[in-house]
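Undergrad: 3D, please:
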Amino acid sequence: MSFLKNKKFWILLLILNNLVFFPVSIFSQNLPNNEGFFDVRSASTSLNDGVYKLDARLQLFMSEEARDALGSGVPLIIELNIEIIRVRRFLPDARDAELIIQYELQYRPLSQRYIVQRLNSLEQESFSTLYSALNHLGRIQGLPLIDSSLLNANSNYRVRFRALLGTRQYSAPLQILIFWRSEWDLKSEWYEWRLER
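TA: Numbering: from 1, shown residues only. Predicted coordinates:
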């Protein structure tokens, strides 16, 4: 009888344990979306008509603070950093080329549309949701990087690529404030691969 009582006690304890910790685990899985994160899922280059072009897939999730700023009329800059590095045998590798591409993301409350525009370009797209705008930014297809004639024919190269939330466009006081807030420090790890010659 004491065994049955003990058995019931342990079953009850197990149920209570699941009721207490299971919701916590669900909540913790949602934390990355609230905090925001950028991730390069895949990236590759191909040579077309003498020009190396980039294909990449990104996951872009804005932090709650960045989403609030966007909704309040603050434009956000998503920056793509690409480095082409020449591999050297006896010396440190050399960064032969660096490309920075910036996209501005803004919300227009009157039309309730999200606008994505590549800076220094007239290209712009309009989206009904933030998710669709970020999904568009996360699908890079045939982005020109560098002319093959600018690379040394006898050298090997590797490419590094990352995405980040730019803050350099903001005023100095706001940059200082952002510096101390991790919600604005959104950047992916460097994704690296060998440039096929």
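
Undergrad: So the residue nearest the centre of the chain versus residue 147, what's the distance?
TA: Nearest to the mean C-alpha position of the chain, counting by CA atoms, centre = their mean, stands residue 38 at 2.6 Å. Distance of residue 38 to residue 147, computed by CB to CB, to the nearest Å: 28 Å. C-beta here means a position set from N, CA and C on the backbone, and glycine is covered the same way.

Undergrad: do residue 40 as well
TA: 24 Å.

Undergrad: So for the two, which sits in the more crowded spot?
TA: The neighbour comparison of residue 40 against residue 147 (other CB atoms under 10 Å) goes to residue 40, with 20 against 12.

Undergrad: Please determine how far that one is located from residue 114.
TA: 22 Å.

Undergrad: go on, residue 134?
TA: The gap separating residue 134 from residue 114 is 9 Å, by CB to CB.

Undergrad: Touching both of the two, which residues are there?
TA: Taking CB atoms under 8 Å, 6 or more residues apart in numbering as the criterion, residue 134 and residue 114 both touch residue 105.

Undergrad: can you tell me how far residue 136 sits from residue 105?
TA: 10 Å.

Undergrad: quick one, which of the two is more surrounded?
TA: Neighbour tally, residue 136 and residue 105, criterion other CB under 10 Å: the higher count belongs to residue 105, 23 against 16.

Undergrad: So the more buried one is in contact with residue 76, correct?
TA: Yes: counting by CB atoms under 8 Å, residue 76 is a contact partner of residue 105 at 4.6 Å.

Undergrad: any idea of the mean pLDDT for stretch 145-165?
TA: Averaging pLDDT along stretch 145-165 gives 96.

Undergrad: Stretch 117-128 too?
TA: 90.

Undergrad: which outside residues touch it?
TA: Residues from elsewhere that reach stretch 117-128 (CB under 8 Å, 6+ apart): 77, 101-104, 106, 112-116, 133, 136.

Undergrad: Buried ones among these?
TA: 77, 101, 102, 103, 104, 106, 114, 115, 116, 133, 136 (16 or more other CB atoms under 10 Å).

Undergrad: out of the residues you listed, which are inside helices?
TA: Judged by DSSP state H, the buried ones among the contacts of stretch 117-128 include 133, 136 as members of helices.

Undergrad: wait, which of the buried ones among the contacts of stretch 117-128 is closest to residue 61?
TA: Ranked by distance to residue 61 (CB to CB), those are led by residue 133 at 12.3 Å.

Undergrad: my read: residue 95 touches residue 82, true?
TA: No: taking CB under 8 Å as the definition, residue 95 is not a contact partner of residue 82, at 10.8 Å.
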